[in-house]
Structures are given as C-alpha cells and as structure tokens.
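Undergrad: Give me the fold of what follows.
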Amino acid sequence: MQAAELPSLETLALALSRLQADCSASELHGLMSGLLAAGARLNRAALVKSLEAHVDPNQAFDDGLIAGLWQLQLKTLEDLGADELVFQPLLPDDEDDLGQRVVALGDYCRGLLAGFGLGVQGDHPALADEAVRETLQDLANISQVDSVDEADEDSEVAYAELHEFVRLAVIHLFEELAPREEHSHDSPAPTLH
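TA: Below is the predicted model:
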C-alpha cells in the first residue's frame, strides 16, 4: 500500500472547495496545529470528526483526503517537536500576492486559536503563565488582520515579521503544553506512521 502524500496548500484548498468548506486550507492547518499545540492527539476518526464541522453536511471526506490530512497531522506534530524549529504554517508562498498572504495568516491564526481552545484539557497549568497568555492575545490580534493598505517593501517586512512570530508562537505553545515525552530534546522523537 502506497503512503499518502502530504497535501500542498493548493491541493487542500481545492479539496475544501469541492467539499464546500467554510474554512480555508490555512485555517484548517491552523485548527490542526492548535489542537496539537494544546496537547490533543487525534486518531483518524476523531480527526475527521473535528474537520467535518467545517464542511457541508451532505459532503464526505474521501479516503485520499483523509489519508492526506492524517499525513499532514503527523508531519505537523513531528515538526513541532523537532529541535531545529522547522515547523511552518501552511500559508501561500512569498511569490503570492501580499494581500492573499495576509488573509491566509489571519485565517491560520483563527484556526489555531479555535483548535487550541478545543484541545486544551481542563485548567492546564501553562495557561496561568503570563507569556502563554500574551502569546495567545497576540495571535488573537493577528487573527483580526484581513487586508493590506499598500503592498510595498515596508508591508512585506511587516508580514515577514508577523509570519515568523506566528511560527515561533505555535512552537512555544507546543513546548509549553504538549506532553513532555513528545519533545525531542527530552527523549528520542516518536516514530510516526
């Protein structure tokens, strides 16, 4: 049996469009990232159930899409736990229109916060940490960004800074809330299949 391929932003966006989803590919990856950062670990059935809330109830995820989303979840978990800070949110490339990238970043943050809220179990002690609360507030502020006044060099620099902040913020949340055994610097990285 051939392993499923990791879906690209374009592939996932097309699949979500066919499913008449009410979220973008970036928002869906944000939801998945938020769940993982909060410590939630979903099997395939739970993953599909959490994603079905965003599509037309008359639509169904096909096996190929489910397999691709499963691979995306595994890769996201692996990247979040890596020592090298390799995690990347699923966002448009730098060559794409700045306005499109800004909207996608806001979508990603909205999904991230929703997933994080769903994934946090009870009164996690890390939520009392001021740095965690500030990070969540900053992500909430970024989630409100929905347009660009002017696509100039300053706007590009500002976007790059926000993108890097979001990327590192997700890693920070994961490090604060994920189960300790998933941190590769504490123990060997788990084998993901």
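
Undergrad: To what extent is Gln130 buried, counted in neighbours?
TA: No, residue 130 isn't Gln; it's Glu. Neighbours of Glu130 under the rule other Cβ atoms under 10 Å: 7. Using the backbone N, CA and C atoms, a C-beta is placed for each residue, glycine as well.

Undergrad: cool, and Gly119?
TA: 22.

Undergrad: quick one, what contacts it?
TA: Contacts for Gly119 (Cβ atoms under 8 Å, 6 or more residues apart in numbering) come out as Gly34, Leu35, Leu36, Ala37, Ala38, Gly39, Ala40.

Undergrad: Please, which helix or strand holds the most centrally placed residue in the chain?
TA: With distances taken as Cα atoms, centre = their mean, the residue of the chain nearest its centroid is Gly30 (2.7 Å). Here Gly30 sits within helix 25-37, counting by DSSP states H and E.

Undergrad: List the first helix or strand encountered after the helix or strand in which Leu47 is found toward the C-terminus.
TA: Under the criterion of DSSP H and E, Leu47 resides in helix 44-52. Going down the chain from helix 44-52, the next helix or strand is helix 63-81, by DSSP H and E.

Undergrad: Convert that following helix to CSV, retaining C-alpha atoms only.
TA: In CSV, the C-alpha atoms belonging to helix 63-81 read as follows (Å, rounded to 0.1, in the frame of the first residue of the first chain):
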residue,chain,number,x,y,z
ASP,A,63,-10.2,8.2,1.6
GLY,A,64,-7.5,10.0,-0.2
LEU,A,65,-8.2,13.3,1.5
ILE,A,66,-8.4,11.7,4.9
ALA,A,67,-5.1,9.9,4.3
GLY,A,68,-3.5,13.2,3.2
LEU,A,69,-4.9,15.1,6.3
TRP,A,70,-3.6,12.3,8.5
GLN,A,71,-0.1,12.7,7.0
LEU,A,72,-0.4,16.5,7.5
GLN,A,73,-1.2,16.0,11.1
LEU,A,74,1.7,13.6,11.6
LYS,A,75,4.2,15.9,9.8
THR,A,76,2.9,18.9,11.8
LEU,A,77,3.4,17.0,15.1
GLU,A,78,6.9,15.9,14.1
ASP,A,79,7.9,19.4,13.0
LEU,A,80,6.5,21.0,16.2
GLY,A,81,8.6,18.6,18.3
